[in-house]
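Novice: I'd like to go over a predicted model; first the sequence, then the structure.
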Amino acid sequence: MELQKMANGHHEPTPGKMTLEDGFDSLESMAERDQFLPPKTDVKGEAKFTDFEGKTSFGMSIFNLSNAIMGSGILGLAYAMSNTGIILFLLLLTFMAILSAFSIHLLLKSAGVVGIRAYEQLGLRAFGQPGKIIAACIITIHNIGAMSSYLYIVKIELPSVIIGLLGQEISSGEWYIEGNYLIMIVSVCVILPLALMRRLGYLGYTSGFSLTCMVFFLISVIYKKFVTECPFASSNSTQMLIPAVNISDNNTCKAELVTLTPQAAYTIPILAFAFVCHPEVLPIYTELRKPTKKRMQNIANVSILAMFIMYLLTAIFGYLTFYGSVGEELLKSYSTTDTLMLCVRFAVLVAVTLTVPVVLFPIRRAILQLLFPDKPFHWVRHTLIAICLLFLVNLLVVFVPNIKEIFGVIGATSAPSLIFILPGIFYTRIVPEEQEPLKSRPKIMAIMFAALGFIFMICSISFIILQWVTGESTGAGGH
């Protein structure tokens, strides 16, 4: 069913193009909005946010959301597994994936009740202007941290790729192997043109290519497990295919099923950060062709399942290649002279570079919702915000020597806020009591969901502060 914009800000079916399934979706959507959306309160917001017909296909939406989920955190999952063991890591990964899908369900249900598809506008409906400001600030902080982690990978890995391609005789002082210069060049020549596109749906093709690069990364990690000798094993144990037993006398090459190290407490923040895609969910929903809650939830479920499989396989085969000696960033565990891994490094660089524009869109939308809520689209404003955001992220990457702890704080604050706290609170506040009383099971589950986020945040922040006080160093992965 194609949607047609009406003067009151709602969508109605175009005559002659309705199927039976579309008819049920339309009746459900209209019933929600007609019953719970006061016409004089939210008409303006609805018209401003959905002032065009969504044209992005189901498949392209999956590419965009999968690309938003997948991030630099995938490089730290093998290290996380080495600190928890295979079984405990699998349980935590599954738990986080299920909670992330449930969180998106709460967001979509809240958005469907009031006819709003903007995270910040949900905050406005739930708590007024303070709620809108808090939601926009959390989205901005989280996504700036994610963008910084992507550009840090470019800063660290791109010089190695260039040296590998041109030869090892290059002088270390050459400008074209200086990471700070390279991130500026990449930002201006690649990221900025993509970030200037008006609609997020246009990035579906680049998102698909980015995911293809990460699939190549995964295949290479699996292949390397079977051709790489255990770091401290003797030569006659190279081709062990089932390394669940001791390979060396000192147990260095033993795969732990369950273990706990002091660094294990960083595993949950890493996993939470790795599954955050919530700022992108509603913009993707807005640009979806034939948008319904069920259709968008299916997109979210498929995307989360695909990333769950990629995350799990990367962690398992990366860990079973290097065991306890796996690096905090998986690529650093491989040789810099290996031709295949040189290609893998380049593929990962392409993937994270193409992900930056997808992450930038929600930040710009949050800024527009805060500073220019009544202004129509304008190319100058659209462009200037993108330039300023990229300039700020470049400054962070260039002048902050080590933002590992900053990522830890972001993963312990913004990630639980976006996954647990805000969706649970929005659902409780927005869904009217006439439809679901406060003591109903859905409302109680939403409250418990938000409470879980607060507990997670307090525990994670306490652990990070304890690490700072005791002076211990741990590795925290980015998104």
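Specialist: Noted; the coordinates are in hand.

Novice: Low-confidence ranges, the stretch 251-400 of the chain, go.
Specialist: 251-252, 262, 265-266 (pLDDT under 70).

Novice: same thing but at 90, please
Specialist: 251-295, 319-348, 350-379, 382, 396-400 (pLDDT under 90).

Novice: Look at the closest residue to residue 337 other than its chain neighbours and tell me its secondary structure.
Specialist: Leaving aside its sequence neighbours, residue 337 sits nearest to residue 164 (Cβ to Cβ, 6 or more residues apart in numbering; 7.2 Å). Yep, even glycine has a C-beta here, placed from its N, CA and C like the rest. Following DSSP: H, G, I helix; E, B strand; the rest coil, the label given to residue 164 is helix.

Novice: List the contacts of residue 164.
Specialist: 336, 337, 342, 345 (Cβ atoms under 8 Å, 6 or more residues apart in numbering).

Novice: Secondary structure for those residues - can I get that in CSV?
Specialist: What follows is the contacts of residue 164, written out as CSV (three-state DSSP):
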residue, secondary structure
336, coil
337, coil
342, helix
345, helix
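
Novice: What number of residues are in the vicinity of residue 155?
Specialist: 20 (other Cβ atoms under 10 Å).

Novice: Skipping its backbone neighbours, what lies nearest it in space?
Specialist: residue 179 (3.7 Å).

Novice: So which bits of stretch 120-135 are buried?
Specialist: Residues of stretch 120-135 classed as buried: 120-127, 131-135 (neighbour count, 16 or more other Cβ atoms under 10 Å).

Novice: for stretch 93-111, same thing?
Specialist: 93, 96-97, 99-111.

Novice: Select from those every entry located in helices.
Specialist: 93, 96-97, 99-111 (DSSP state H).

Novice: ok, these vs residue 417, which is closest?
Specialist: residue 103 (11.0 Å; Cβ to Cβ).

Novice: what sits against the closest one?
Specialist: Taking Cβ under 8 Å, 6+ apart as the test, what residue 103 contacts is 278, 419, 420, 423, 424, 449.

Novice: separation between the first one and residue 293?
Specialist: Distance, residue 278 to residue 293, by Cβ to Cβ, to the nearest Å: 15 Å.

Novice: Looking at the ones in helices among the buried residues of stretch 93-111, which is nearest residue 263?
Specialist: residue 93 (16.6 Å).

Novice: What score does the spatially closest residue to residue 342 that is not a sequence neighbour have for pLDDT?
Specialist: Of all residues not flanking residue 342 in the chain, residue 164 sits nearest, at 4.5 Å (Cβ to Cβ, 6+ apart). Model confidence at residue 164, given as pLDDT, is 80.

Novice: about what we covered before: which ones among the buried residues of stretch 120-135 lie within strands?
Specialist: Among the buried residues of stretch 120-135, no member falls in strands (DSSP state E).

Novice: which among those residues gets closest to residue 218?
Specialist: Taking these together and measuring to residue 218 by Cβ to Cβ, the closest member is residue 135, at 33.7 Å.

Novice: Next up, the contacts around that closest one.
Specialist: 119, 120, 122, 123, 366, 422.

Novice: check contacts around the third one.
Specialist: Residues near residue 122 by Cβ under 8 Å, 6+ apart: 107, 110, 111, 114, 116, 131, 135, 282, 426, 430.

Novice: The second one touches residue 427, doesn't it?
Specialist: Yes: using Cβ atoms under 8 Å, residue 110 is in contact with residue 427, at 5.1 Å.

Novice: returning to that earlier point: just the contacts of residue 103: which has the poorest pLDDT?
Specialist: Comparing those by pLDDT, residue 278 comes last, at 83.

Novice: so what's residue 210 up against?
Specialist: Counting by Cβ under 8 Å, 6+ apart, residue 210 has contacts 67, 70, 350, 351, 354, 355.

Novice: Taking these together, which two end up most distant?
Specialist: The span of the contacts of residue 210, defined through Cβ to Cβ, is set by 70 and 350 at 12.8 Å.

Novice: quick one: the strands in the chain?
Specialist: Counting by DSSP E, the strands of the chain are 3-5, 11-13.

Novice: can you tell me which of these the model trusts least?
Specialist: Looking at those, the bottom one is strand 3-5 with a mean of 41.

Novice: okay, residue 70 and residue 350: which has more neighbours?
Specialist: residue 70 (25 against 19).

Novice: What's the per-residue pLDDT of that one here?
Specialist: 80.

Novice: and it, what are its phi and psi?
Specialist: phi -70, psi 130 (degrees, to the nearest 10).

Novice: how close does it sit to residue 342?
Specialist: From residue 70 to residue 342 the distance is 21 Å (Cβ to Cβ).

Novice: Then residue 425?
Specialist: With Cβ to Cβ as the criterion, residue 425 and residue 342 are 47 Å apart.

Novice: now do residue 429
Specialist: Applying Cβ to Cβ to residue 429 and residue 342 gives a distance of 52 Å.

Novice: Likewise for residue 315?
Specialist: Residue 315 is 22 Å from residue 342, by Cβ to Cβ.

Novice: Tell me which of these two has more neighbours.
Specialist: Between residue 315 and residue 342, residue 315 has the larger neighbour count (other Cβ under 10 Å), namely 27 against 18.

Novice: residues contacting the closest residue to that one other than its chain neighbours?
Specialist: Computed as Cβ to Cβ, 6+ apart, the closest residue to residue 315 that is not its neighbour in sequence is residue 77, at 3.9 Å. Neighbour list for residue 77: 270, 271, 274, 311, 314, 315, 318, 330, 477 [criterion: Cβ under 8 Å, 6+ apart].

Novice: Identify, from those residues, the entry nearest to residue 219.
Specialist: So of the contacts of residue 77, ranked by how close each gets to residue 219 (Cβ to Cβ), first place is residue 314, at 10.4 Å.

Novice: Just give me the neighbour total for the closest one.
Specialist: Counted with other Cβ under 10 Å, residue 314 comes out at 21.

Novice: Wait, it touches residue 215, no?
Specialist: No: in terms of Cβ under 8 Å, residue 314 does not count as a neighbour of residue 215; the distance is 10.6 Å.
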